[in-house]
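S.K.: Below: sequence and its predicted model.
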Amino acid sequence: MMNLANESEVWAVVGGGNGGIATAGFLALQGRRVRLYTKSERKAKDINAKGGVELEGVINGLGRLEFATTDPHEAIAYAKNIIIVLPSNYHRDTAKRIIPHLEDGQFVLIMPEASCGAIEFRYLIEKSGKKVDVVVGATCNLPYVARSNGSCKCTIMGVKNEVNVAALPASCNDIFINQFKSAFPMFKVCENIIKTSLDNLNAMVHPGPILLNLARVENGGGTKYEHYNDGFTPSVVSLLDKMDAERISIAKAFSLTQRTIKRTVIDMYGCGDESMSLIEVLHNNSSYKGVMLAQSIRERFVLEDVPYSLVAMSSLGKIAGVPTPCIDAVILIYKAILGDELDEGRTLKNLGLEGISKEDFLMYVNGK
């Protein structure tokens, strides 16, 4: 990869899973100064012993890190750019760990935020009482499809053509995108954080299809069937269309133009055109090949995407005055099945948005 590094800037990657390992290696292969924060002592030890993260697949090479650590202060001290790359059900706990160590002038990118992750992060800073001048933003998704192979090795199966990104508030969009664009050329600045929250493909293509394939899941489907190639049938796609229409209606209420599921996949992966059906586009996406159906209802496709994506979208619908009956029905059924095992998620209360009007919310996300 081309060396685009500004050697004076330190990049801290927060998260040692698939996305975190991939991001650390991706940045390091560009010659950037990269640190990794992980809660796993074994993973930190393995990465430090190897000297970095080895990538294979569509990107190859050993990305040499400055170090990996289990100490959040050590990771983010003096780091100009902090990238949180974790499943969204870990965002709140991780935010509480790193917020005390934030410094003025830092940029915090939540990649991806699921839905309303940047709003939650800002609210947690406020609740903590810490006075710090940082710019917070988020993407709608990871810029690649990646799977880790152990502590310090990762396969990148595909790189997306574009990924929406926005700052909170949107008045900081220009400074935020300028900070990250050289490292992530696929980033495309969009109107505001509502857009990135609604441009969350996982919320559409994971919980609904898992629910409608639940008998198959609980009979060992994850060892027999692919999530996209086998899990999407006409009935499943019918539910997806209804949920997608609700998502698009929320966007319209906020004066945003929202892509359909099909258009989003085409734009991200270049795997088809509008003349194809949704099933054809998904089946034509080589990056989705081999993604197996969940082996349990208690996997991140449900435990993450329902409370931190669908619940968040439902919250946005309440602010916008847009009903979301299909999205709410999927949430309700999962709550009935899982009970307290399912997090409450990003409700209006948990986002600090109870009682906010649509007009005040737009002022909050857009800024001056």
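M.R.: Received the coordinates, thanks. Numbering: from 1, shown residues only.

S.K.: Looking at stretch 300-310 now, give me its mean pLDDT.
M.R.: For stretch 300-310, the mean per-residue pLDDT is 95.

S.K.: try stretch 84-93
M.R.: Average pLDDT, stretch 84-93: 94.

S.K.: Could you tell me which residues within it count as buried?
M.R.: Ile84, Val85, Leu86, Pro87, Ser88, Asn89, Tyr90, His91, Arg92 (16 or more other C-beta atoms under 10 Å). C-beta coordinates here come from the backbone N, C-alpha and C atoms, glycine included.

S.K.: Got the phi and psi for the second one?
M.R.: It refers to Val85. When quoted as degrees, to the nearest 10, the phi and psi of Val85 stand at phi -130, psi 80.

S.K.: Okay, helices next: where are they in the stretch 151-300 of the chain?
M.R.: Residue ranges of the helices in the stretch 151-300 of the chain, as given by DSSP state H, counting those that start in this stretch, are 173-180, 193-198, 201-205, 207-212, 214-217, 234-253, 261-269, 278-283, 300-303.

S.K.: Go through the ones you listed and pick out the most buried.
M.R.: helix 193-198 (a mean of 27; mean count of other C-beta atoms under 10 Å).

S.K.: tell me how far it is from the chain's mean position?
M.R.: On the basis of C-alpha atoms, centre = their mean, to the nearest Å, helix 193-198 is displaced by 11 Å from the centre of the chain it belongs to.

S.K.: Pull the residues that contact that helix.
M.R.: With C-beta atoms under 8 Å, 6 or more residues apart in numbering as the contact definition, helix 193-198 has outside contacts at 112-113, 115-119, 137-140, 164-168, 170, 190, 247, 250-251, 254, 256, 258, 312-313, 316, 365.

S.K.: and these, which of them are in strands?
M.R.: Gly137, Ala138, Thr139, Asn164, Val165, Ala166, Ala167, Leu168 (DSSP state E).

S.K.: out of those residues, what pair is the most spread apart?
M.R.: Asn164 and Leu168 (13.6 Å; C-beta to C-beta).

S.K.: For Val311, the count of nearby residues, please.
M.R.: A count of neighbours around Val311, defined by other C-beta atoms under 10 Å, yields 28.

S.K.: which residues of the stretch 251-368 of the chain score low on pLDDT?
M.R.: Within the stretch 251-368 of the chain, the set of residues satisfying pLDDT under 70 comprises 368.

S.K.: ok, 80 please
M.R.: Counting by pLDDT under 80, the stretch 251-368 of the chain shows low-confidence ranges at 268, 287, 368.

S.K.: for Phe301, what are its contacts?
M.R.: Asn202, His206, Pro207, Ile210, Ala294.

S.K.: same thing but 6 Å
M.R.: With contacts defined as C-beta atoms under 6 Å, 6 or more residues apart in numbering, the neighbours of Phe301 are His206, Ile210, Ala294.

S.K.: repeat for Tyr37
M.R.: Applying C-beta under 6 Å, 6+ apart, the residues near Tyr37 are Val14, Pro72, Ala75.

S.K.: can you check Cys326 too?
M.R.: Applying C-beta under 6 Å, 6+ apart, we find Cys326 in contact with Lys242, Met243, Glu246.

S.K.: now do Lys43
M.R.: Counting by C-beta under 6 Å, 6+ apart, Lys43 makes contact with Gly16, Ser151.

S.K.: mind checking the SS state of it?
M.R.: Secondary structure state of Lys43, per DSSP: H, G, I helix; E, B strand; the rest coil, is helix.

S.K.: Next one, pLDDT for it please.
M.R.: In this prediction Lys43 is given a pLDDT of 93.

S.K.: for Ala79, same thing?
M.R.: 96.

S.K.: Ramachandran angles for the most centrally placed residue in the chain?
M.R.: Closest to where the C-alpha atoms of the chain average out (C-alpha atoms, centre = their mean) is Pro112, at 2.1 Å. The phi/psi pair for Pro112 (degrees, to the nearest 10) reads phi -90, psi 170.
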